[in-house]
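Student: Attaching a predicted model along with its sequence, questions to come.
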Amino acid sequence: MTHLHQLIYALSDALDLVGVDDINHGKRVAYMALECAKVLHLRHKDEERLFHAALLHDCGVSSSRIHDKLVYTFDWEGAEDHCIRGYQLLSISPALRHLNTIILYHHTHYETLVTLNIHQETAMLSNLIFLVDRVDALCAQKMLEHPGVSILTLAHEIRSEIKALSGTFFDPRLAEAFLECSKREIFWFNLSPGELHRALEHYMQTLDNQSVDLSELRQIAEIFALFVDAKSPYTADHSLDVAALARFVAQKMNLSAEICTKIEIAGLLHDLGKLRIPDELLNKAGPLDDQEFDTVKIHAFETGQILSQIRGLEEIAQWAAQHHEKLNGTGYPSRSISEELPLPSRIIAVADIFQALAQKRPYRKNLRPLQIMDILKRHQEAGWIDTKVLQTVEENLQACWEISIRHSSGVRG
């Protein structure tokens, strides 16, 4: 059984990867928001919504370039674009839809927010996330300007800047709550990675367990697939189509309905780790050199690390993380051999290769079905991919190709 709190917390790691070297942004925002919530004496229900929304508030930002702008620029025209994208993504899942309006307005100034016809609690939660999000941005900016200086030394200046924006950017009541809780040194010390995780995990222990069934998990996985695929125009809808193709092949191989759905979910989530790859590598107009390829290789490992934290997703985590393994032990990141690669992993690996070849990339055109089949046969002869999976693909070649290009061709299945 998978719990929603744990799922959101683990998947927020994927959002944090977009920062490449600046990780834990979402968790720092969540921690600071909860500290302010204590001062404000929020209802338990609102506090829980705040926690989830804070962890997911940047789900509209896949690009490392945009992430850097969010962190190192305090305010700019167009900041609301990622809020709109986040709103759209969270609207996909009934389990997360109650957070979408909070995300939509989390960069809206208080003086504008009070003129809008939105629920008072939603406006308050949005503005609180905006406030602590900008606190984290100020921390990053000032620590970059003053390397080696303690955060406590910079805290006074940060607090002064937030106070100056009370009534314009931020609700005065929220600004006052922040100023109250941030007087304590422990507030700033708890922003360090180890203390941050401990504080948030302790908070999660106070929450009631809310289980997520396989259907709800698939909807949430689709959100993250869209989030990952948005990172590069050349991989748009890659995860969606890999998932659909993997499910189709699994069905043709007569696997159970439950296993087929789990394979689809693993396909949707298989590239989560790519969020940590700099934009310029994914968009490079040519093959990667050895050093660049070594950088990209970490993505399968990161995918496994994120998903393995979620109780109930052990199989899905394994299958997703193994999508670049090869039967002869020459794949990555674990160099697993055939005995260590279950059939779902083998199916996803073939689906990933097939869809990538069917999709246009910056260094080549998209390939036709027979061209793809020729390459896959060479992979099978080299001992890389499963013979039975390849046979299933060959027997359904045209259907596999159509599934692989269904989004880029405008076809919807």
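Tutor: Cool, got the structure.

Student: burial of the closest residue to residue 100 other than its chain neighbours, as a residue count?
Tutor: What sits nearest to residue 100 in space, not counting adjacent residues and going by C-beta to C-beta, 6 or more residues apart in numbering, is residue 90, at 4.2 Å. (C-beta placed from N, C-alpha, C; glycine too.) Residue crowding around residue 90 was assessed by other C-beta atoms under 10 Å; the count is 25.

Student: show me the contacts for residue 90.
Tutor: For residue 90, the contacting residues are 56, 59, 96, 97, 99, 100, 103, 223, by C-beta atoms under 8 Å, 6 or more residues apart in numbering.

Student: In the residues you listed, find the pair that's most separated.
Tutor: Spanning the widest gap among the contacts of residue 90 are 59 and 97, at 12.8 Å by C-beta to C-beta.

Student: who has more neighbours, those two?
Tutor: Taking neighbours as other C-beta under 10 Å, residue 59 and residue 97 compare with residue 59 leading, 30 against 13.

Student: From the structure, what's the count of residues near the nearest residue to that one once chain neighbours are set aside?
Tutor: What sits nearest to residue 59 in space, not counting adjacent residues and going by C-beta to C-beta, 6+ apart, is residue 86, at 4.6 Å. Residue 86: 26 surrounding residues under other C-beta under 10 Å.

Student: I'd guess residue 86 is in a helix, am I close?
Tutor: Yes - remark: residue 86 belongs to a helix, assigned using DSSP: H, G, I helix; E, B strand; the rest coil.

Student: just to revisit the earlier point, just the buried ones from the contacts of residue 90?
Tutor: If you count burial by 16 or more other C-beta atoms under 10 Å, the buried members of the contacts of residue 90 come out as 56, 59, 96, 99, 100, 103, 223.

Student: Export those as TSV, with columns for pLDDT and distance to residue 293.
Tutor: Shown next, in TSV, are the buried ones among the contacts of residue 90 (pLDDT from 0 to 100; distance: C-beta to C-beta, whole Å):
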residue	pLDDT	distance to residue 293
56	95	31
59	90	29
96	95	35
99	97	37
100	96	38
103	97	35
223	92	29
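
Student: the helices in the stretch 101-250 of the chain, which residues?
Tutor: For the stretch 101-250 of the chain, the helices defined by DSSP state H, counting those that start in this stretch cover 110-113, 120-145, 151-164, 172-181, 185-189, 193-204, 214-229, 238-252.

Student: With respect to residue 316, which of the ones you listed lies nearest?
Tutor: Residue 316 lies closest, by C-beta to C-beta, to one member of those: helix 214-229, at 8.5 Å.

Student: hmm, back to that, out of the buried ones among the contacts of residue 90, which is nearest to residue 139?
Tutor: Lowest distance from residue 139 to those (C-beta to C-beta) belongs to residue 56, with 20.4 Å.

Student: contacting residues for that closest one?
Tutor: Contacts of residue 56 by C-beta under 8 Å, 6+ apart are 8, 11, 12, 15, 26, 86, 90, 96, 99, 103.

Student: And it, how far from residue 103?
Tutor: 7 Å (C-beta to C-beta, to the nearest Å).
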